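Student: Pasting the sequence and the predicted coordinates here, then a few questions.
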Amino acid sequence: MKNWLRKIAVVLFGFGQMANASDIPNFAETEQEAKQGNAASQFNLGLMYYLGKGAPKDYKQAEHWFRRAAEQGDVDAQSNLGGLYYKGQGVAQDYEQAKYWFQKAAAQGFAKAQYDLGTIYFFGKGIEQDYDQAARWYEKAAEQGYLDAQYNLAIMYDNGFGVGKAPEKAFQWYRKAAEQGDNQAQYTVATRYMHGLGVQKDLSRRYNGYVVQQIKKILKPNLILAWLIIMDSVFVKMISRPYIGIVKQRSKEVLRPNII
């Protein structure tokens, strides 16, 4: 039954796809198994209450069943319980408790919890801000392919937050996120190929198509000029500094703070 987790949207943390009604477990059976101590059923029951799918929406009940499963070591329940504490849903908002449960799940290698823990450390939510710890946990999640962690880690290498400033490493992580289809990362990778930032200059890279689209939005009245900027024309370098400034401003990265 735990496979239901992979099909339903865990809106606490935004992964997966919403299940069809036929995929939702039977409430009575799930509740019976949960009361008998089955951790997977406890987690699913908590999720049903949280989402209001197959059960009335009830954050207190969701917290109760997530906690029952979390105390048995269920990594998904630990992560979701941390999310409830972070948002103050069904419990009083408590960043220390959020950190505690994220840490439990992160220690078991759960990438999303590692990302959440990194974000708490980065912004100092209820704890002392610690860029070193943020970078550590972002890297653990990034190495497992967690897209937002890859993107945030790139920004940390760009700015030297908790790690040495390293444009080459920043580029590597932007590229990993871009290869997963992230639009902002694709834009960043393309502009860096264009300008040779952290990588050898190369105007032929496929990500440049995304840059074209974005610059068209920025320079809608000046499409010819935008195209010349992309082609890195010497003529444009002489006449279009204000427009290049707009393009560079658009390409500045912003850390993704969303935990849930």
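Tutor: Everything's here; your move.
Student: Just the element for Ala170, please.
Tutor: helix 167-179 (DSSP states H and E).
Student: what's in contact with that helix?
Tutor: For helix 167-179, contacts defined as Cβ atoms under 8 Å, 6 or more residues apart in numbering pick out 142, 145, 147, 150-151, 153-155, 157-158, 163, 185-186, 188-189, 192, 197-199, 207. Quick note: C-beta positions are derived from backbone N, CA and C, even for glycine.
Student: Give the ChimeraX command for selecting the buried subset of those residues.
Tutor: Selection of buried members from those for ChimeraX, criterion 16 or more other Cβ atoms under 10 Å:
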select :142,147,150,151,153,154,155,157,158,163,185,186,188,189,192,197,198,199,207
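Student: which ones among the contacts of helix 167-179 are found in helices?
Tutor: Counted as lying in helices by DSSP state H, out of these, are 142, 147, 150-151, 153-155, 157-158, 185-186, 188-189, 192.
Student: between these, which is closest to Phe122?
Tutor: Each of the ones in helices among the contacts of helix 167-179 was scored against Phe122 by Cβ to Cβ, and Ile155 proved nearest at 9.8 Å.
Student: Send me the helix holding Ala170 as CSV with only the CA atoms.
Tutor: Extracted in CSV, the C-alpha atoms of helix 167-179 (Å, rounded to 0.1, in the frame of the first residue of the first chain):
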residue,chain,number,x,y,z
PRO,A,167,32.3,29.6,-11.0
GLU,A,168,33.3,26.2,-12.5
LYS,A,169,31.5,24.2,-9.8
ALA,A,170,28.5,26.6,-10.0
PHE,A,171,28.3,25.9,-13.7
GLN,A,172,28.4,22.2,-13.2
TRP,A,173,25.5,22.2,-10.8
TYR,A,174,23.5,24.7,-13.0
ARG,A,175,24.1,22.3,-15.9
LYS,A,176,22.8,19.3,-13.9
ALA,A,177,19.6,21.2,-13.1
ALA,A,178,19.3,22.3,-16.7
GLU,A,179,19.6,18.7,-17.9
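Student: In that helix, which residues are buried?
Tutor: By neighbour count on 16+ other Cβ under 10 Å, the buried set for helix 167-179 is 169-178.
Student: With stretch 122-138 instead?
Tutor: Buried residues in stretch 122-138 (16+ other Cβ under 10 Å): 122, 125, 130-131, 133-138.
Student: Lowest-confidence one in those?
Tutor: Within those, pLDDT reaches its minimum at Lys125, with 82.
Student: three-state assignment of it?
Tutor: coil (DSSP: H, G, I helix; E, B strand; the rest coil).
Student: ok, now how distant is it from Glu71?
Tutor: Applying Cβ to Cβ, to the nearest Å, the value for Lys125 to Glu71 is 24 Å.
Student: what does Pro167 give?
Tutor: 45 Å.
Student: From Phe123, how far out is the closest residue to Tyr131 other than its chain neighbours?
Tutor: Spatial nearest neighbour of Tyr131, excluding adjacent residues (Cβ to Cβ, 6 or more residues apart in numbering): Gly162 at 3.2 Å. Distance from Gly162 to Phe123, counting by Cβ to Cβ: 13 Å.
Student: Common neighbours of these two, please.
Tutor: Contacts common to Gly162 and Phe123, judged by Cβ under 8 Å, 6+ apart, are absent.
Student: from what I can see Ile127 touches Glu96, true?
Tutor: Yes. With contacts counted by Cβ atoms under 8 Å, Ile127 reaches Glu96, the gap being 7.0 Å.
Student: Just give me the closest of the ones in helices among the contacts of helix 167-179 to Gly46.
Tutor: Relative to Gly46, the closest of these is Leu147; by Cβ to Cβ it sits at 25.8 Å.
Student: Export the buried residues of helix 167-179 as TSV, with columns for pLDDT and distance to Gly109.
Tutor: Formatted as TSV, the buried residues of helix 167-179 follow (pLDDT from 0 to 100; distance: Cβ to Cβ, whole Å):
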residue	pLDDT	distance to Gly109
Lys169	95	23
Ala170	94	25
Phe171	93	27
Gln172	95	22
Trp173	95	19
Tyr174	93	24
Arg175	92	24
Lys176	95	19
Ala177	94	20
Ala178	91	25
